[in-house]
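Undergrad: Provided below for reference: sequence and predicted model.
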Amino acid sequence: MKHLMSPLDFTVEELDKLLDLANDIEKNPSKYAHACEGKKLATTFYEPSTRTRLSFEAAMLNLGGNILGFSNAASSSAAKGESVADTIRMISCYADICAMRHPKEGAPLVAALNSSIPVINAGDGGHQHPTQTLTDLLTIRSLKGRLDNLKIGLCGDLKFGRTVHSLINALIRYPNISFVLISPDELQIPSYIREDILGKNNISFEEVVRLEDAITDLDILYMTRVQRERFFNEEDYIRMKDFYILDKPKMNLAKEDMLVLHPLPRVNEISVEVDNDPRAVYFEQVQYGVYVRMALILTLLEVQVC
Amino acid sequence: MKHLMSPLDFTVEELDKLLDLANDIEKNPSKYAHACEGKKLATTFYEPSTRTRLSFEAAMLNLGGNILGFSNAASSSAAKGESVADTIRMISCYADICAMRHPKEGAPLVAALNSSIPVINAGDGGHQHPTQTLTDLLTIRSLKGRLDNLKIGLCGDLKFGRTVHSLINALIRYPNISFVLISPDELQIPSYIREDILGKNNISFEEVVRLEDAITDLDILYMTRVQRERFFNEEDYIRMKDFYILDKPKMNLAKEDMLVLHPLPRVNEISVEVDNDPRAVYFEQVQYGVYVRMALILTLLEVQVC
Amino acid sequence: MKHLMSPLDFTVEELDKLLDLANDIEKNPSKYAHACEGKKLATTFYEPSTRTRLSFEAAMLNLGGNILGFSNAASSSAAKGESVADTIRMISCYADICAMRHPKEGAPLVAALNSSIPVINAGDGGHQHPTQTLTDLLTIRSLKGRLDNLKIGLCGDLKFGRTVHSLINALIRYPNISFVLISPDELQIPSYIREDILGKNNISFEEVVRLEDAITDLDILYMTRVQRERFFNEEDYIRMKDFYILDKPKMNLAKEDMLVLHPLPRVNEISVEVDNDPRAVYFEQVQYGVYVRMALILTLLEVQVC
């Protein structure tokens, strides 16, 4: 049985197949409308995440399946001291596949090891959020036509940004990828990524402080939120949060076919005046998130649609 | 694309058509049991309202559709600072139609302006609650056979009662409607309704303090809850809350075909001894609420059932 | 119309029929996959209980039906002061059957008395939790082949343990049942059960303090959680909670065909090293809980499957 703990659980070939399936779903949704009839997805969310939970639920409903679960730990058995291992054994009796969000790193892995149904890591603390990465990859591949030969700017909180770390790990498997890491000094990429991942794999990258200096020749600009909760004090947050706001003047410096992605939710790091720019594809990205989760559910449940 | 923000969004003719559809659903539910198959309703409730949420969900399930969503802001992205505009763009990727409840007036309108799916205002602060008004109109029309030529008593908290204000606005579009406004001085109808709506439209109305003085020749008695949270202090609440309790002796003064409606939940403003009186139709009203929401979903999704 | 308030609502004959149905569902799930199509289960949980709620929801979805409801009182109308009687009248307009969990004893009975749909007591305070008892009976009958001629050890918190009290009441209706009551002095079985139920019905039982002394000749060992919230002070809890931990050495003393049941969630009263022992059937029990709830829903809705 297969689970999804990290985006790297899939080889490049498996990933290609998954993204192909997602694109076929996009083109022929009705072909898949009954693929999971009689099957149930459990969403076990130990911390709230509406966006991710609803994306999974929409995906399963689009496949003709059903959904059940909980949206925060307070309404779960966790409050009674039950272990994740026991909870997933219970969930295995109730559902055919499970998407788990947990504040503790590794909790979905513990679940997978004790589960008799496929488990999808829907985000575990600052660790992994593989379906976000699959969403990013599908968005880029669908709209740029490729995952290789790209210059990708990653902007904002690169220190704590889980989605950025995952995306780097996923993209370095493709030929001729280079990164521009755009952040304040305080929120630079962790050294284990700079040295062990980018350095050791001879991936081309540069680090810059100002978005204006980097935007001109990017193929992809991946914006991220500067989360208030990551800062030790309010003062630092206020000083830094406005450094990296994408607005019309900055967009004017970019290439005509550059794409802007964002894992959402955004606060103010992308000005709403950018929303109508055809290069702003963060809402298309939401839609691709549904398609890729549909493909993932089909793949893990080993459902074949002809 | 059509949204529902206020009961007045529908013309009298459109409303007639909607209520006709609701009555056909009441008579032939199985005809509509698969009308929304493959479609999804999102219930985005930024404040809890079990009654309204479950009524929408029952309506969509009765049509063969599916439901997803959240039941309070704590388990939503709102906590992360996301705007309603961004949230509805996300929801547009997940569902085919959205019912939104929000504590802030105008939030559903902001959503509608940014949505690519129909949005239904399921209550925005003290402002509008249009599906309650549609429910009230369907109940009256179904059980009295008409929406014109009626003398309607509105009793309780007329100052803050959103449902009462909406009902007045909806009913003055029909010929020969008169109102009896029954409330303590402290909770009288706002002057903008008295002057700008009733006065300017030459609608006949009187204001009385005691329910006994008004009940005798009413066709409809619309009772409302005196909400504890509307009062500045507990003393005022306790002094006033029992003024307007409908009980058997008061019912004995009413006409044999008067109907008692209530938007529910009630606390003690209608004595339970009245529940078995055939004129008490507030639980039938709940059922009509499901039918009218089914008709509304079909109408906004432009689903034709033959 | 039939409701389920207590496990004793069913006669032994009716119970046999229900358990037969559950076993048929276990063997032929696809036969029942559309039995409740177009029907809705409302889960009205005034206090959270993920395990029980999800078991009901899985059961209804397995039958092809739909689910709606609320998972805690905070997101329900109860906060606005609505009575359970009014809430169930509302729910009767939204669903075909209702499972209600409530912190107050008797609340589901009040609901049943005011309902026009079948109501299932899904746990009311320290009073009853009949579907847990049905689950226990189905598990024992399915895996031991009988409900008579059994020696049953009940271990842990026998004073407050609602599931233990219900199970005793249900089992004494079968011939040649004997109990071994295993608990610290502070958590012994209440005297009304010792005297009025066991004594008056001439049921054979003994009371012991150490699990080791009792385990040797048991057919069933029913373990229960020692709930922290039952204790007046933390000291008592810490002193007693480890007295009754089932581990491998204790399992070595037991018969080869003894079964270990537990209503779950467990904290540490069964060591995880016991989980792989074939006699440990508490996770099978979870699965039987779904089957018995499916049988119950079919029975109360009077749905016949041929």
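TA: Here it is on my side, so go on.

Undergrad: mind listing what residue A:177 touches?
TA: A:148, A:149, A:150, A:152, A:171, A:203, A:204 (C-beta atoms under 8 Å, 6 or more residues apart in numbering or on different chains). For every residue, glycine as well, the C-beta is placed using N, CA and C.

Undergrad: filter those residues to the buried ones?
TA: Buried subset of these (neighbour count, 16 or more other C-beta atoms under 10 Å in any protein chain shown): A:150, A:152, A:171.

Undergrad: any chance of these in a markdown table, plus distance to chain C?
TA: Conversion of the buried ones among the contacts of residue A:177 to a markdown table gives the following (distance: C-beta to the nearest C-beta, whole Å):
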| residue | distance to chain C |
| --- | --- |
| A:150 | 43 |
| A:152 | 41 |
| A:171 | 38 |
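
Undergrad: using TSV, lay out these together with secondary structure.
TA: Formatted as TSV, these follow (DSSP: H, G, I helix; E, B strand; the rest coil):
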residue	secondary structure
A:150	strand
A:152	strand
A:171	helix
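
Undergrad: cross-check the contacts of residue A:177 against chain B and keep the overlap.
TA: Residues of these in contact with chain B (C-beta under 8 Å from any C-beta of the partner chain): none.

Undergrad: run a quick neighbour tally on the residue of the stretch 151-300 of chain A at minimum distance from chain C.
TA: Here the stretch 151-300 of chain A gets closest to chain C at one residue, residue A:297, 15.9 Å apart by C-beta to the nearest C-beta. By other C-beta atoms under 10 Å in any protein chain shown, the residues close to residue A:297 number 25.

Undergrad: where's it, which helix or strand?
TA: helix A:282-300 (DSSP states H and E).

Undergrad: using CSV, write out every CA atom in that helix.
TA: C-alpha atoms of helix A:282-300 as CSV (Å, rounded to 0.1, in the frame of the first residue of the first chain):
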residue,chain,number,x,y,z
TYR,A,282,-2.5,32.0,-7.9
PHE,A,283,-6.2,31.4,-8.2
GLU,A,284,-5.7,29.0,-11.2
GLN,A,285,-3.3,27.3,-8.8
VAL,A,286,-6.2,26.6,-6.3
GLN,A,287,-8.0,24.9,-9.1
TYR,A,288,-5.0,22.8,-10.0
GLY,A,289,-4.8,21.8,-6.4
VAL,A,290,-8.2,20.1,-6.7
TYR,A,291,-7.1,18.3,-9.9
VAL,A,292,-3.9,17.0,-8.5
ARG,A,293,-5.6,15.8,-5.3
MET,A,294,-8.1,14.0,-7.5
ALA,A,295,-5.2,12.3,-9.3
LEU,A,296,-3.5,11.5,-6.0
ILE,A,297,-6.6,9.9,-4.5
LEU,A,298,-7.1,7.8,-7.7
THR,A,299,-3.5,6.8,-7.7
LEU,A,300,-3.3,5.8,-4.0
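
Undergrad: let me know the secondary structure of residue A:43.
TA: Note that with three-state DSSP, the state of residue A:43 is strand.

Undergrad: what about the helix holding residue A:297, distance to the chain center?
TA: Centre-to-centre, helix A:282-300 and its host chain are 10 Å apart (C-alpha atoms, centre = their mean, to the nearest Å).

Undergrad: try stretch A:237-253
TA: 23 Å.

Undergrad: and the contacts of it?
TA: A:155-156, A:182-184, A:186-187, A:211-212, A:215-216, A:221, A:223, A:226, A:228, A:231, A:260, A:267-271, A:273-274, A:277, A:279.

Undergrad: now do the end-to-end distance for that stretch.
TA: End-to-end distance of stretch A:237-253 (C-alpha to C-alpha, to the nearest Å): 27 Å.

Undergrad: before we move on, back to that, of the buried ones among the contacts of residue A:177, closest to residue A:44?
TA: Taking C-beta to C-beta as the measure, residue A:44 lies nearest residue A:171 of those, at 29.5 Å.

Undergrad: ok so, going back, got TSV for the buried ones among the contacts of residue A:177, with pLDDT too?
TA: TSV is the format used below for the buried ones among the contacts of residue A:177 (pLDDT from 0 to 100):
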residue	pLDDT
A:150	98
A:152	98
A:171	97
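
Undergrad: sorry, back to before: please name every helix or strand in contact with the helix holding residue A:297.
TA: helix A:12-27, helix A:50-62, helix A:130-144, strand A:259-261, helix B:84-94 (3 or more C-beta pairs under 8 Å, 6 or more residues apart in numbering or on different chains; DSSP states H and E).

Undergrad: re the thing from before, among the contacts of stretch A:237-253, which are in strands?
TA: Using DSSP state E, A:155, A:182, A:221, A:223, A:260 are the members of the contacts of stretch A:237-253 that sit in strands.

Undergrad: which pair of those spans the longest distance?
TA: Going by C-beta to C-beta, the pair spanning those furthest: A:182 and A:260, at 12.9 Å.

Undergrad: more crowded one of the two?
TA: More neighbours surround residue A:182 than the other of residue A:182 and residue A:260, with 27 against 24 (other C-beta under 10 Å).
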